Each structure stands twice: as structure tokens, then as C-alpha cells.
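Visitor: quick one, fold the following:
(one chain, ligands or ions: 5)
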Amino acid sequence: MKRSKFSPIVPLLPLALLLFPLAVSGAVTPKAPVPATITVTFPKGTATPSELCGECHKAIYREFAHGFGADIHTRDLQSDEAGGRDIGHPPAAISSMATAHAMAGTDPFPLHARESEADGKSCNVCHFPEAFALPDMDLSETYKPKPRLKSQEAGGLTCASCHLTPEGKIRGPYNLRAPHENAPDVKMRSSVMCAYCHSLGKRNVGQQTQTFLEWRDDFWKRGLGSQNCQECHMPRTVRSLAEGYDVPDRVAARHLWTGGRSLQRLQNALSQVIVQPDQGSAKFELHLINIGAGHSVPTGSNRRAVYLQVEARDAQGILAARSDWMFAPWYGSRPDDKAFLEDDKKRPDAKAAMQADAQGPHEPIIRAGEERTLTWSPLLKPGNYTIHSTLVYDLNRYNDRAATADQTVFGSISLPIRIE
Ligand code: HEC
Ligand code: HEC
Ligand code: HEC
Ligand code: HEC
Ligand code: HEC
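Guide: Ligands and ions are numbered 1, 2, ... in the order given. Coordinates of the predicted model:
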């Protein structure tokens, strides 16, 4: 157990340490020097439990396993389900929740979805990957990392999934001495670290699972910004990387990866503006602007959607008209469209294709830096109204739209207007 720095023994420490270095070891555990030889290896590969790394990398583990420091709200799960794993002395209760990476193996979704959407097809290449080498930034096509054996799926995505090289060394951004063998690689600080699992195949604007390619081609290459994924998704701090060791504080990236379950993250993705271009007329423009994401919104899995819900309420607050739009990644290489439902029946992935096409056509995702303008002309009698516009993020657009446990309202604006 580590004692607090502020224990009453502290004032006596410098003297005691000088004279009797061993005498105080019972009172304050001294930090161990980093051993000169390799004492830790990882024979289980990427199935190495994250808890093992967490024994030495405590703050990073706490972020990974509990989302400590993030505002992840997995409202469709209980917090003990979401953060059930811990080492040492886990807190009795904690307000934060596990990251999606820590959940990728225990999360009921991928395994459940595999049965219900993909007829048991193996989906473990990204959810349970083998060790892989990092690609080059200008790769033309991402290929899937190798899947782990089904018998080793239990661990899900682990620390070792990202950090272990195919040679069994620990990939890290520094070049440090550690109890394990390291493979220094500055590319860890760039978006190529995320490329394999966050993009599949070639760039095809609008399609699902294109996050890395959207970032590279729409955001970074065009010069919209210089941030890599880490700058937005792993904000950095200065602290010890291995708490029990006598090592200086260093720059550390918080292992939080907030996404669609974080209101903080969603709130700085899109801006919205309502415009009544002509005095007295029931014609409106709704502008959605991607100001904060380094890729399209929503990005990633085709399950994700953003809804724009617009209402006109009269002076008494009574609903006079409403409409909504859905923005979502296409399941396949062409827009989702009901017109394909009959053809879909012949496909091997019929279930997944049909549930996507049944919801199309819909609005394509909003690219990095893009401003999307929609028009709305409701039938309104003359009078005073307020136009309300609300943005909602849905983790799974295929479940019942009325099931709001996986939805987050992340922006609301309104505009009083007059119809003549
Ligand atoms: C027995 C303790 C221990 C275990 C277990 C351990 N580490 Fe480390 N690790 C260290 C120490 C000590 C350092 C050096 C820290 C420093 O100098 O700031 C380190 C450094 C690192 C670095 C930075 C390397 C660099 O040069 O950039 C990474 C990344 C890392 N560890 C990841 C892991 C992962 C992933 C696991 C589990 C698969 C793991 N560690 C298991 C003690 C451990
Ligand atoms: C080994 C594969 C893999 C790598 C590498 C990887 N991810 Fe992920 N990531 C996943 C999977 C799988 C999920 C979805 C897990 C789930 O929800 O069950 C995910 C989810 C996420 C989410 C969604 C969080 C949420 O709450 O919905 C974010 C954000 C994210 N990753 C960012 C990153 C960033 C940034 C990097 C690079 C530093 C990265 N990922 C590297 C596989 C990976
Ligand atoms: C989704 C991929 C991913 C997973 C999972 C992951 N890391 Fe990392 N880790 C990274 C990246 C990317 C960096 C470099 C961050 C940066 O840009 O500074 C990093 C950096 C580190 C460092 C060096 C200090 C730093 O922040 O630069 C340590 C130590 C480390 N990770 C330990 C762990 C441990 C322990 C776990 C599991 C509890 C873990 N990582 C899980 C991607 C991951
Ligand atoms: C400029 C900041 C920024 C950069 C750079 C950035 N993101 Fe994001 N990311 C966001 C915002 C804001 C959101 C929320 C809106 C959305 O879902 O698109 C988000 C959402 C996500 C999600 C959605 C999670 C979910 O729940 O489905 C994933 C995955 C993700 N980012 C991965 C990445 C990866 C991988 C990179 C680098 C290739 C990256 N991001 C670069 C800001 C950024
Ligand atoms: C190319 C890598 C990759 C492959 C292959 C893959 N996934 Fe995923 N999956 C991800 C990533 C990354 C996310 C995180 C969310 C995002 O990017 O929007 C995710 C998220 C999910 C989610 C949503 C979980 C949540 O957080 O709500 C489900 C369900 C899912 N995947 C199921 C599957 C199924 C079923 C298959 C096989 C048919 C599959 N995945 C294949 C990378 C992959």
C-alpha cells in the first residue's frame, strides 16, 4: 500500500533517509529502481490481461478500465457492468465508466450483434486483434489485423492489443528502460496507431468504418488541422508512468478515447444555425457545421446516427409542425436505400444489409469542415411561433427509435419567428 505523501513521518524523512535508508522502509515504501534486466515477458500475446500492465501502470489502467477523468456515460449499461474489472483494492463505487476499448470484449454488443446481424460470422479482427505492425501514413488500403483465436477472445481489446509488436516487444513513444523489452516508435503518437481498426478498405466518402481515412484525406492532408487522433481523444498530462518505480514524471496521454458516449465530445462536434431567409415566410434553412471533429460526424460504425429534430410551436407552446433528418454512415459502398431491399435478400450478409437499406435514403455523414444546409417549409398559419432544433446522437440506429437509453441530446437551439 502506498502511503500519502503528507503523513506525519514526512518531515523526518530527509534525515532518516540519509542515516538509515533501510529503517524507514516499513513506513514509506521506497520507489524501486527500474531493473537492469528484463523481468517481464508476455507469452499470452495480446490476450495478456490488462490488469497485469495495470499493476505497474496504475493511472493509465484506471483510465482504461474506469474512464477515470472522462465523461463516458454508457446509459444502456449499469456502471458495475461497465467498470467491473479492477486490480488491488477497487473503489466500492465510482462515478466514471469504462472506455469502449476496455469493454470491447465484455460488451454484450459485438458478440450479440455477431449473432443477430452477421449470422455468427467472426468479427474478432478489431474487437480481439492479434499483434500488428503500424502501417505508413499514406497507405492506400487498410487491411484487417489478424483475429485472435476464438478460445482467446475473452480479454477483448487489451493494453497489449495496441502496445505489443509482432516480435513480442512493447511499443512505446519513448525509449525507456523498463522491466519489459521495448520497441521505441514515435509513430505511436500519430494517427497510424489507430488506422487498422478505425478504417476498413479504401476511401469511399459516406461509407462506414472510414474514420482514419476521413481524418487523413479530409482533415489532415487538406490542412484543416494538424491534430492527430491522440490530441483530441487522448489529452496529455505530466505524471509518473509507473508509480512504484523511481522514474521522473513524463508526458503521458490519458487513455480515455471519448466518443459517442461522451457529451463533452459530442458537444464540440457540430454547430447548428436556424435561418428564416424571408420576412413572414414559412421557409427555413437549417445549417449543420462540423466545427470540432477531425473526421465525419457521425463516424465509424454504421450503427451510429445523428438526428436533427425540428419543431415549430405556437405562442401557447402547442406543436404545429415537426420534421427530422438522419445522418448516418452507409453500411456498404453505396447509399443505403429501400430500393435495394429485394436484391439484399440474396446477399450472404442479408440481415445487416437490409436493416441499413430499410432506413435509406438518408442524409450522408457531415465531413470534416463541411457545412450542410437543409431546407424546411412547414405548413404554418399566420402567427407567432418558436422554431426548436435539437441534435441527438444514437449509438444504435437499428433498435427502436423510442428506446432512448442509447441516445444523447447534445445540442438545442431555438428562434422566435413570425408568419404573415
Ligand atoms: C513490473 C512492472 C511493469 C509491468 C508489468 C509493465 N510495465 Fe510497462 N513500464 C514499466 C516501467 C518501470 C517503465 C518505464 C517508466 C518510465 O521510465 O517512466 C515502463 C514503460 C512502459 C512504456 C513506455 C515505453 C517507451 O519507451 O515509450 C509502455 C508503452 C509500457 N510500459 C506499456 C506496458 C504494457 C502495455 C504492459 C502490459 C502488457 C506493461 N507495460 C507492463 C513497468 C512495467
Ligand atoms: C486493436 C484495434 C483498435 C485500435 C488499434 C484502436 N481502436 Fe479504438 N476501438 C476499437 C474497437 C473494437 C472499438 C469499439 C469497442 C466497443 O464499443 O465495443 C473502439 C472504440 C473507439 C472509440 C469509441 C468510444 C465510444 O465510447 O464509443 C474511440 C473514440 C476510439 N476507439 C478511438 C481510438 C483511437 C484514438 C485510437 C488510436 C490511438 C484507437 N481507437 C485505436 C478498436 C481499436
Ligand atoms: C487503443 C490503443 C491503446 C490501448 C488499448 C492502450 N494504449 Fe497505451 N498508448 C497508446 C498510444 C497511442 C500511446 C501514445 C500516446 C501519445 O500520443 O502520447 C500510448 C502510450 C502509453 C504509455 C507511454 C506514456 C504515454 O502516454 O505516452 C504507456 C506507459 C502506456 N501507453 C500504457 C498502457 C497501458 C498500461 C494500457 C492498458 C491499461 C494501455 N497503454 C492501453 C495506445 C493504447
Ligand atoms: C479535432 C479533434 C478530433 C480529431 C483530430 C479526431 N477526432 Fe475522433 N471525434 C472527435 C469528435 C468531436 C467526435 C464526436 C463526433 C463524432 O462521432 O464524429 C469524435 C468521435 C470519434 C469516434 C466515434 C465514437 C463512436 O462512439 O462511434 C471515433 C471512433 C473516433 N472519433 C476516432 C478517431 C480517430 C481514429 C481519429 C484519428 C484518425 C480521430 N478520431 C481524430 C474529435 C476528433
Ligand atoms: C475494421 C475493424 C472492425 C471490424 C472488422 C468489426 N468492427 Fe465492430 N467496431 C469497430 C470499431 C472501431 C468500433 C467503434 C465504434 C465506431 O468506430 O463507431 C466498433 C463498434 C462495434 C459495435 C458497437 C459497439 C458500441 O460501442 O455500441 C458493434 C455492435 C460491433 N462493432 C459489432 C461488430 C460485428 C458484429 C462485426 C462483424 C460483422 C464487427 N463489429 C467487425 C471495428 C470493427
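Visitor: from here on, just use CA atoms for contacts and neighbour counts.
Guide: Fine.
Visitor: buried ones in stretch 233-251?
Guide: Going by neighbour count (16 or more other Cα atoms under 10 Å), the buried part of stretch 233-251 is 233, 234, 240, 241, 242, 243, 244, 245, 247.
Visitor: out of the helices and strands in the protein, which is least certain?
Guide: Every helix and strand of the chain was ranked by mean pLDDT, DSSP states H and E. The lowest is helix 13-19, at a mean of 41.
Visitor: coming back round to it: which one of the buried residues of stretch 233-251 is nearest residue 279?
Guide: Lowest distance from residue 279 to the buried residues of stretch 233-251 (Cα to Cα) belongs to residue 233, with 43.4 Å.
Visitor: can you pull the phi/psi pair for the closest one?
Guide: Main-chain torsions, residue 233, degrees, to the nearest 10: phi -100, psi -10.
Visitor: you'd agree it is up against residue 260?
Guide: No: Residue 233 is beyond contact range of residue 260, at 11.6 Å (criterion: Cα atoms under 8 Å).
Visitor: and for residue 141, the neighbour number?
Guide: Look at residue 141: counted by other Cα atoms under 10 Å, it has 13 neighbours.
Visitor: cool, and residue 91?
Guide: Residues lying near residue 91 (other Cα under 10 Å) number 8.
Visitor: how much space is there between it and residue 243?
Guide: Taking Cα to Cα, to the nearest Å as the measure, residue 91 falls 18 Å from residue 243.
Visitor: need the strands for the stretch 151-300 of the chain, in chain order.
Guide: Ranges of strands in the stretch 151-300 of the chain, per DSSP state E, counting those that start in this stretch, are 170-172, 182-184, 236-239, 250-253, 270-275, 284-290.
Visitor: any chance of these in JSON lines, plus mean pLDDT and distance to ligand 3?
Guide: Converted to JSON lines, the strands of the stretch 151-300 of the chain look like this (pLDDT from 0 to 100; distance: least, Cα to the nearest ligand atom, whole Å):
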{"stretch": "strand 170-172", "mean pLDDT": "97", "distance to ligand 3": "6"}
{"stretch": "strand 182-184", "mean pLDDT": "97", "distance to ligand 3": "10"}
{"stretch": "strand 236-239", "mean pLDDT": "98", "distance to ligand 3": "7"}
{"stretch": "strand 250-253", "mean pLDDT": "98", "distance to ligand 3": "3"}
{"stretch": "strand 270-275", "mean pLDDT": "98", "distance to ligand 3": "25"}
{"stretch": "strand 284-290", "mean pLDDT": "98", "distance to ligand 3": "24"}
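Visitor: winner for burial among those?
Guide: Neighbour counts (mean count of other Cα atoms under 10 Å) averaged over each of the strands of the stretch 151-300 of the chain peak at strand 170-172, with a mean of 20.
Visitor: which elements pack onto that strand?
Guide: Applying 3 or more Cα pairs under 8 Å, 6 or more residues apart in numbering; DSSP states H and E, one finds that strand 170-172 makes contact with helix 159-163, strand 182-184.
Visitor: that one close to ligand 2?
Guide: No: residues of strand 170-172 contacting ligand 2 under Cα under 6 Å from any ligand atom: none, with a closest distance of 11.9 Å.
Visitor: from the chain's centre, how far out does that strand sit?
Guide: Taking the mean of its C-alpha atoms, strand 170-172 sits 22 Å from the chain's own mean (Cα atoms, centre = their mean, to the nearest Å).
Visitor: contacts for it, please.
Guide: For strand 170-172, contacts defined as Cα atoms under 8 Å, 6 or more residues apart in numbering pick out 160, 162-165, 180-186, 188.
Visitor: same list, those, but as CSV with distance to residue 266 please.
Guide: Listed next are these as CSV, based on distance: Cα to Cα, whole Å:
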residue, distance to residue 266
160, 28
162, 25
163, 28
164, 31
165, 33
180, 38
181, 38
182, 36
183, 35
184, 33
185, 31
186, 29
188, 25
